[in-house]
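Colleague: when you get a sec, could you give me coordinates for this:
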Amino acid sequence: MTTDNLIRKINNGDNKAFRELYGNDPSELKRNGKRYTGLLKKFQSEFGKKDVDFFTSPGRTEIGGNHTDHNYGRVLAGAVNLDNVCIAGNNNTNVIRIISEGYPQFEVDLKDLKPVKSEKYTSAALVRGICARFKELGHEIGGFDACIDGGVPKGSGLSSSASFEVLIGAILSELFNIFYNCAWTFPAFTDAEAVAVKGFVDAGINLFVAGQDIGWDIMSGASGSHGTPETQDLYTNYLKASFIDDGNNTNNKLIAKVDDPIYGTTATSNIFDIYGGYMYPDQISPLADATTIFYYNTTLTKIGAIRSMKGSAKVVYFGVGLEMVQNTEVRNDILNKTYDYFMEGVGTGEKTGVAGSYLGTCFPNPAHDFTTIRLSNIDREMVVEIVDINGKTVMSKQVMPGTKQIGMNTAILPAGLYLCRIIDQGSVLETKKIQVIH
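Modeller: Below you'll find the model as predicted:
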């Protein structure tokens, strides 16, 4: 949203988002309205008018266990009602530029993320370190402009530096993932929007798109549709979907594909008609390397959602708008799983077993022709799988009670990052990363 539009949305603090953040005290709402508006105007004067987002991160205090975490202890912490507020927008460069109230402006060039000795104990060092870790985990990063109002006092014991770090992490997470619930809109995408979205995806930014009649509007060629070569390229080569049918009120369930490693555990929800008789959840089919993730019917013949990779970007497409998913918990679960997928991915995140440790070390790792996976606590039949970054199972071995280790022939796998996971009756208990090199 542009800075001008955000100023209007703030409405002097009288808005739903502010009441959820800061309560219902009129003086507190007005104070924060003035604070946010001033920050927006500062951003405009320094960086110009552009699409931006607000971010906020609270301070915290330790209720119990202060500093025991340094010795593997546990801390009970609570957020306080003081926050750092930031307005940030993508600048389409490889440089992060930050202005923080009371501090000089600084920049971090993302071309080189190695520690810089002269930045020690500075905010620039924190930003550089966060970006280095994001990159190490395989996440997309990029340049942005930001203005910060530090409401968490430095040196107050309220973790102002941690609040700053969380703020930077939130900006990187939000600006380099796109969630677009198209709902029921015509045209579903204009040419300008399609060009912009394709540019983002080509830059490695992950994309989530949902909405009924997107396929019909772009691909059907029917009277009243708005397909163009530009939008059709987006649909076919970026969403990687084939439009099958306009759909109707028989497409009335959203059922996860149970063996999908990202969405397979999502509960079933009804799809309901919120548009007064105009219910057209698109039936689609995956193209190229795209994977089915949801169906509309119990016989699993009508596909409603797919996911794929476009270069380094992850793309998820639903042929129905999330507003039509009747179960709110399912709707939120889809968004949460998508966010986790975008931020961690099948190939980068590790999951530690809760009931006990099952997967030991994988050696050698990185692996060339062969790797050995150590196991423990195998007291029943389980399955060990190797999964690629698209979520496809490329190897699978059944293990019996008492098994201590198994071998995997990695010579047949292309070089890249994989996930080794142990599965018990369909549930993933634990995962480990494996790098294959040749």
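Colleague: who are the contact partners of residue 124?
Modeller: 106-108, 116 (CB atoms under 8 Å, 6 or more residues apart in numbering). All C-beta spots, glycine's among them, are computed from the backbone N, C-alpha and C.
Colleague: whichever of those residues end up buried, select them in ChimeraX.
Modeller: Typed into ChimeraX, the next command selects the buried ones out of these (criterion: 16 or more other CB atoms under 10 Å):
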select :108
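Colleague: is residue 207 in a helix, a strand, or coil?
Modeller: Classification of residue 207 by DSSP: H, G, I helix; E, B strand; the rest coil places it in strand.
Colleague: what number of residues lie near residue 16?
Modeller: Other residues within reach of residue 16, judged by other CB atoms under 10 Å, total 7.
Colleague: what about it, distance to residue 38?
Modeller: Between residue 16 and residue 38 the computed distance is 21 Å (CB to CB, to the nearest Å).
Colleague: equivalent analysis for residue 56, please.
Modeller: The separation that residue 56 has from residue 38, given CB to CB, amounts to 15 Å.
Colleague: compare these two (neighbour count), which wins?
Modeller: residue 56 (19 against 13).
Colleague: list the buried ones in stretch 186-201?
Modeller: Using 16+ other CB under 10 Å as the burial criterion, the residues of stretch 186-201 that qualify are 187-189, 193-194, 197-198, 200-201.
Colleague: and that stretch, how far out from the chain middle?
Modeller: Distance of stretch 186-201 from the chain centroid (CA atoms, centre = their mean, to the nearest Å) equals 20 Å.
Colleague: could you give the average pLDDT over that stretch?
Modeller: For stretch 186-201, mean pLDDT is 89.
Colleague: now stretch 166-174
Modeller: Over the span of stretch 166-174, the pLDDT mean works out to 87.
Colleague: just stretch 404-419 next, same as before
Modeller: Average pLDDT, stretch 404-419: 88.
Colleague: change the start of the numbering to 231 and stick with it
Modeller: In the new count, where the first residue is 231, that last one comes out as stretch 634-649.
Colleague: by contact count, what packs against the host helix or strand of residue 545?
Modeller: Assignment of secondary structure by DSSP states H and E places residue 545 within strand 543-548. In terms of contacts (3 or more CB pairs under 8 Å, 6 or more residues apart in numbering; DSSP states H and E), strand 543-548 is packed against helix 421-432, strand 436-441, strand 533-540, helix 558-573.
Colleague: I'd like those laid out as JSON lines, including distance to residue 278.
Modeller: Below are the helices and strands packed on strand 543-548 laid out as JSON lines (distance: least, CB to CB, whole Å):
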{"stretch": "helix 421-432", "distance to residue 278": "18"}
{"stretch": "strand 436-441", "distance to residue 278": "26"}
{"stretch": "strand 533-540", "distance to residue 278": "30"}
{"stretch": "helix 558-573", "distance to residue 278": "29"}
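Colleague: of all those, which lies closest to residue 399?
Modeller: Relative to residue 399, the nearest member of the helices and strands packed on strand 543-548 by CB to CB is helix 558-573, separated by 9.7 Å.
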